[in-house]
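> A structural model of the following input is requested.
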Amino acid sequence: MQKINIIEDFYSPQDYGLIYNAIKTIPLKGTYQPKGIYYPSRLDAYPCWESDSLTENNLEYSIFKQTFEQKTNIKVKNIQSFYRKIIKEELKNSPFADKNEGMVHKDNEVKEIAGLIYFDSFSLKDGTRFYSYDNQVEPDIIIGSKPNRCVFYPSNINHSAGIDWRKEDRSIQVFFLEIDK
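Modelled structure (predicted):
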């Protein structure tokens, strides 16, 4: 298993409040995972809501970049980051209605690092599941969700989003990083 990293209390309390407010107020667009595959309806896939990608002139982008570099000592060359929300009622009408996780997949391998920050869930079931190899049935590692917990890993690791059916929704900040070598 490749290195999976966890940073507790990723954002400072002030920055966390600012980012949390952004997640709750920024416009989100209905979409689905995995992108790039045609589905007649977003409910035929893994339905979600996403913001536009944060841009360099965006305060939240600057806060994320500064915090990540400070906490990891990793110099970031390029960032793709956005907010995502998953709604339980939509999952109930999707192919994942009787499952405890989303689709096992690998992320954008153009960027070396993938990760997320949890915002409103504190649950092992709602966390992220990691798999050592393709077609593996059970995960090797499950990282539980916890507000302000950052999890990042090489983008070529198989993983899936857990589903906690007790939660009405799941809000996260997703990021993909290209490292300045």
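> Ile113 versus the residue lying closest to Asp120 once chain neighbours are set aside, what's the distance?
Leaving out its chain neighbours, the residue that sits closest to Asp120 by CB to CB, 6 or more residues apart in numbering is Ser171, at 5.0 Å. From N, CA and C alone the C-beta is placed, and that goes for glycine too. For Ser171, the distance to Ile113 equals 21 Å [CB to CB, to the nearest Å].
> Same check on Ile19?
In terms of CB to CB, Ile19 sits 19 Å off from Ile113.
> quick one: contacts of stretch 12-25?
10-11, 51, 59-60, 63-64, 67, 83, 85, 117, 119-120, 147-148, 171, 173 (CB atoms under 8 Å, 6 or more residues apart in numbering).
> Which of those residues fall in strands?
Mapping the contacts of stretch 12-25 onto strands (DSSP state E) picks out Tyr83, Lys85, Ile117, Ser171, Gln173.
> With distance to Ile37, pLDDT and neighbour count added, can I get those in TSV?
Below are those laid out as TSV (distance: CB to CB, whole Å; pLDDT from 0 to 100; neighbours: other CB atoms under 10 Å):
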residue	distance to Ile37	pLDDT	neighbour count
Tyr83	22	97	23
Lys85	21	97	18
Ile117	26	98	27
Ser171	24	96	21
Gln173	24	97	24
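> which of those residues sit farthest apart?
Lys85 and Ile117 (13.2 Å; CB to CB).
> Now do the shared contacts for the two.
By CB under 8 Å, 6+ apart, the residues touching both Lys85 and Ile117 are Ile172.
> Lys77: neighbour count?
A count of nearby residues for Lys77, using other CB atoms under 10 Å, gives 11.
> how near is it to Glu8?
26 Å.
> what are the ranges of the helices in the chain?
13-25, 59-72, 88-91 (DSSP state H).
> In TSV: these, plus mean pLDDT and mean neighbour count.
As requested, the helices of the chain are exported to TSV (pLDDT from 0 to 100; neighbours: other CB atoms under 10 Å):
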stretch	mean pLDDT	mean neighbour count
helix 13-25	95	14
helix 59-72	97	16
helix 88-91	96	16
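> Nearest to Ile141, out of those helices?
Nearest of those (CB to CB): helix 59-72, 19.3 Å.
> Contacts made by that closest one with the rest, please.
With CB under 8 Å, 6+ apart, helix 59-72 has contacts from 5, 7, 10-12, 15, 18-19, 22, 54-56, 74-76, 79, 81, 150, 152, 173, 175, 177.
> Who are the contact partners of Pro40?
Pro40 touches nothing, counting by CB under 8 Å, 6+ apart.
> mind showing which ranges of the chain have poor pLDDT?
Under the criterion pLDDT under 70, the flagged ranges of the chain are 1-2, 108-109.
> try 90
Along the chain, the model assigns pLDDT under 90 to residues 1-2, 34-37, 103-111, 121, 133-135, 180-181.
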